[in-house]
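1. Everything below, folded, please.
(one chain, ligands or ions: 1)
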Amino acid sequence: MGETGRVADFLRKSVLFQNLSDSELRKISLNFEIIDLPMGEVLFYEKDTSDDMYLVLEGKVRASLFDEHGNELVLAELGPGEFLGEMSMIDQLPRSATVLAQENTRLAVLRRETFLKILRENPDIAINVIKALVARLRRTDDMVEALAFRNVESRIVKFLLEVGKEKGNMEKGRFRVRKMTHRDLAARVGSSREAVTKALKALSFKGIIEDSGNFWLISPSAEDHIDP
Ligand code: CMP
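-> The predicted model follows:
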């Protein structure tokens with residue numbers, strides 16, 4: 001199968017393009033350019049002024065905000081079938097976040113004018129974009145709620161339970177979550193490395209999280225045992 005066929009095949013599975021016919025998909029695939037982004041590389045920085053849109057074909061990227069000390073807050077991780085760069089594509093304002101490759105990633109790039117033309121000709125795709133944006137807004141509301149109303153211990157527990165549920169690995173009736181550095185965990189729960197180190201010690205002391213080599217073990221009911 002050629003690159004166009006592979007992209008068309010992929011588009012069929014993506015949330016945005018699933019309602020289109022085969023011939024429409026093939027026509028649209030001709031407009032994509034494929035790029036590879038090695039793990040750790042930045043696609044663009046917050047405040048950059050580009051306006052292309054991207055679809056993740058393989059791998060994973062994350063959209064993050066950084067403060068002046070280099071502390072990171074991860075807004076979203078985006079994997080195969082998901083799109084990014086739509087905000088600047090739509091409003092032509094600077095990029096709202098820095099996007100970098102979390103794994104070796106293959107992306108399909110779509111120029112602004114081309115995507116706008118596709119949206120005008122296919123209202124179903126515009127509706128799918130709106131649905132995906134609403135889903136992101138809901139997730140972001142969840143994150144804002146956690147940052148405003150929960151302490152660091154509670155945010156760590158919430159995050160580890162989400163990862164545990166997603167991966168589904170169990171040990172002794174508890175979720176088994178691969179450890180990450182305290183800095184990376186801080187970027188996911190909107191905290192500092194120091195505060196995360198302190199909170200992990202407290203959670204371990206209270207028996208809510210157990211250390212198991214390269215993993216943390218956490219009970220599915222852990223959220224019931226801590227103050228928000
Ligand atoms: P854009 O602003 O063009 O560039 C950064 C991208 O990160 C943005 O488009 C979105 O694709 C993505 N992004 C920014 N904020 C969020 C969020 N809260 N949830 C999911 N993705 C986001």
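2. mind listing what's buried in stretch 55-68?
-> By 16 or more other C-beta atoms under 10 Å, the buried positions in stretch 55-68 come out as 55, 56, 57, 59, 60, 61, 62, 63, 64. Every C-beta, even on glycine, is put in place using the N, C-alpha and C of the backbone.
3. Could I get the buried residue list for the longest helix belonging to the chain?
-> Assignment by DSSP state H gives helix 123-149 as the longest helix of the chain. Applying a neighbour-count criterion of 16+ other C-beta under 10 Å, one finds 125, 128, 129, 132, 136, 143, 146 buried in helix 123-149.
4. give me the subset of the residues you listed touching the ligand.
-> Near the ligand, judged by C-beta under 6 Å from any ligand atom, the entries from those are residue 136.
5. From the centroid of this protein, which residue is nearest?
-> Centroid check for the chain by C-alpha atoms, centre = their mean gives residue 77 as the closest residue, at 1.4 Å.
6. helix or strand for that one, which one?
-> Here residue 77 sits within strand 72-78, counting by DSSP states H and E.
7. Can you list the buried residues in that strand?
-> Buried residues in strand 72-78, counting neighbours by 16+ other C-beta under 10 Å, are found at 72, 73, 74, 75, 76, 78.
8. contacting residues around the spatially closest residue to residue 105 that is not a sequence neighbour?
-> Closest residue to residue 105 apart from its sequence neighbours, by C-beta to C-beta, 6 or more residues apart in numbering: residue 59 at 3.1 Å. By C-beta atoms under 8 Å, 6 or more residues apart in numbering, the contact set of residue 59 is 37, 39, 79, 80, 101, 102, 103, 104, 105, 106.
9. Which of those residues fall within strands?
-> Residues of the contacts of residue 59 located in strands (DSSP state E): 37, 101, 105, 106.
10. which of the buried residues of strand 72-78 come close to the ligand?
-> 75, 76.
11. Show me where the chain has its helices.
-> 3-13, 22-29, 86-91, 112-121, 123-149, 152-167, 182-189, 193-205.
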